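Asker: pasting a predicted model and its sequence here:
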Amino acid sequence: MQLIVHGGAGGVPDDPEPRQAVLDEAAATGANESDPLDAVESAVRVLESSPRFNAGVGGAVQSDGRIRTDAGVMTDDREVGAVAGLAGVEHPLTVARAVRAETPHVLLAGDRALEFAESVGVETDADLWTDRSREKWADADPPETDDPTDHLDWLRSRFGSTEAGGVGENAESESDEGRDPTDHDTVGAVARQGDRFAAATSTGGRWFALAGRVGDVPQIGSGFYCAPAGGASATGAGEDIARVTLSRRAVRHLEAGRDAQTAAESAIEEFGELTGSSAGVIVAGRESLGSAFNSEGMQTSRAGR
Ligand SMILES: NC(=O)C[C@H](N)C(=O)O
């Protein structure tokens, strides 16, 4: 089993060493599995349980003060499952895997997705808050009503844009605006065993996004993608990643015969040119693993052979 994991593209964290230790543990845990799908799930579950990353425990808080998690997983046979907007779910990737295995669908969202999660035995009332997220939210001065217009006004006052995290024409400057360089981030894993691949991504989304916002992570081809040539998992400015389907791009480069490192670099270069925004991607191809980012940092770990 060959496996690569990431802990999110963004600023340079103030706690790189303990984060790296968790990433190494996740990669080693995944590499112990014999099936790529088990490998990415095991690795991502370690990261979802760590408060140092924006996935599961430690997830980002939306404008209504709730933490909602998203995840997606795909295998080389193009079987796929994803979930969006799950409040109280520490392990959305396990729910995504169940969507892949148990339903004829590719994506479940909202209250009924929570009921589905419960029905497959996944806990749905987990406390995803950490001291760090409580402190950050305490300074947020959030809107006092449920009116989406008030929430949008609040977003505008925070970001100078209607889109949390900033996207669009001034993407480069806006994507870092309002972003704490110590933010812990989205997680992902891509695994290969022989000619079998799996790719997975899990997140709490972007901090202070409009309640109900869903980013790239559970969107096929954006936050994750997998095909017979290999798999990819992306992280970074979610709206921009979705606009250009970053993970699909990386796999397309594998399909064109490029190695994993070249595929990752080419996809990030195209992403930067098209959006002016920042992101990272990890890739597994038939021969090798690769990773690239144009943000300040993106921690990764590799394990197996
Ligand atoms: N930092 C991240 O990777 C966030 C994630 N891409 C999202 O937009 O939900």
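Answerer: Everything's here; your move. Numbering: from 1, shown residues only.
Asker: distance check, the residue in the stretch 201-305 of the chain positioned nearest to the ligand against Ala43.
Answerer: Using CB to the nearest ligand atom, the closest approach of the stretch 201-305 of the chain to the ligand is made by Gly238 at 2.0 Å. C-betas here are computed from N, CA, C, even on glycine. Taking CB to CB, to the nearest Å as the measure, Gly238 falls 21 Å from Ala43.
Asker: do Ser288 as well
Answerer: Ser288 is 18 Å from Ala43, where distance means CB to CB.
Asker: which of these two has more residues huddled nearby?
Answerer: Between Ser288 and Ala43, Ala43 has the larger neighbour count (other CB atoms under 10 Å), namely 32 against 16.
Asker: what helix or strand is that one on?
Answerer: Assessed by DSSP states H and E, Ala43 sits inside helix 36-49.
Asker: low pLDDT regions in the stretch 51-200 of the chain?
Answerer: 160-184 (pLDDT under 70).
Asker: near the ligand, which residues of it show up?
Answerer: Proximity of the stretch 51-200 of the chain to the ligand is confined to 185-186 under the rule CB under 6 Å from any ligand atom.
Asker: quick check, the residue in the stretch 51-200 of the chain closest to the ligand?
Answerer: At 3.2 Å from the ligand, Thr186 is the closest residue in the stretch 51-200 of the chain, using CB to the nearest ligand atom.
Asker: coming back round to it: CA atoms only: put the helix holding Ala43 into CSV for me.
Answerer: Extracted C-alpha coordinates of helix 36-49, given in CSV (Å, rounded to 0.1, in the frame of the first residue of the first chain):
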residue,chain,number,x,y,z
PRO,A,36,-7.1,1.4,-0.7
LEU,A,37,-10.6,2.3,0.4
ASP,A,38,-9.9,1.1,3.9
ALA,A,39,-6.6,2.9,3.8
VAL,A,40,-8.0,6.3,3.0
GLU,A,41,-10.8,5.9,5.5
SER,A,42,-8.5,4.8,8.3
ALA,A,43,-6.1,7.7,7.6
VAL,A,44,-8.8,10.3,7.4
ARG,A,45,-10.5,9.1,10.6
VAL,A,46,-7.3,9.8,12.5
LEU,A,47,-7.2,13.3,11.1
GLU,A,48,-11.0,13.9,11.7
SER,A,49,-10.5,13.1,15.4
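Asker: what's the angle between whatever helix or strand comes next after it and helix 36-49?
Answerer: Remark: after helix 36-49, the chain's next helix or strand is strand 68-75, criterion DSSP H and E. Comparing the axes of strand 68-75 and helix 36-49 via axes from the mean of the first three to the mean of the last three CA atoms, to 10 degrees yields an angle of 160 degrees.
Asker: for strand 68-75, packing partners?
Answerer: Helices and strands touching strand 68-75, by 3 or more CB pairs under 8 Å, 6 or more residues apart in numbering; DSSP states H and E, are helix 36-49, strand 80-87, helix 92-102, strand 196-203, strand 224-227.
Asker: check those for me and report the most buried one.
Answerer: Across these, the average number of neighbours (mean count of other CB atoms under 10 Å) peaks for strand 196-203, which reaches a mean of 31.
Asker: and it, what does it pack against?
Answerer: helix 36-49, strand 68-75, helix 92-102, strand 187-193, strand 224-227, strand 230-236.
Asker: contacts for whichever helix or strand comes after the third one, please.
Answerer: In this case it means helix 92-102. Remark: after helix 92-102, the chain's next helix or strand is strand 107-109, criterion DSSP H and E. Here strand 107-109 makes contact (CB atoms under 8 Å, 6 or more residues apart in numbering) with 72, 81-85, 95, 99, 116, 214, 218, 220.
Asker: can you tell me, leaving aside adjacent residues, what's nearest to Arg243?
Answerer: Of all residues not flanking Arg243 in the chain, Thr275 sits nearest, at 6.5 Å (CB to CB, 6 or more residues apart in numbering).
Asker: count of neighbours near that neighbour?
Answerer: Count around Thr275 with other CB under 10 Å applied: 22.
Asker: let me know whether it touches Thr245 as I believe.
Answerer: No - in this structure, Thr275 is not within contact of Thr245 by CB atoms under 8 Å, at 11.6 Å.
Asker: for Leu108, which residues count as its bridge partners?
Answerer: For Leu108, the beta-bridge partners are Val83 (DSSP bridges).
Asker: in terms of helices and strands, where is Pro143?
Answerer: When the helices and strands are read off by DSSP H and E, none of them contains Pro143.
Asker: so who does it touch?
Answerer: By CB under 8 Å, 6+ apart, the residues touching Pro143 are 63, 150-151, 153-154.
Asker: burial measure for Asp195, as a count.
Answerer: 10.
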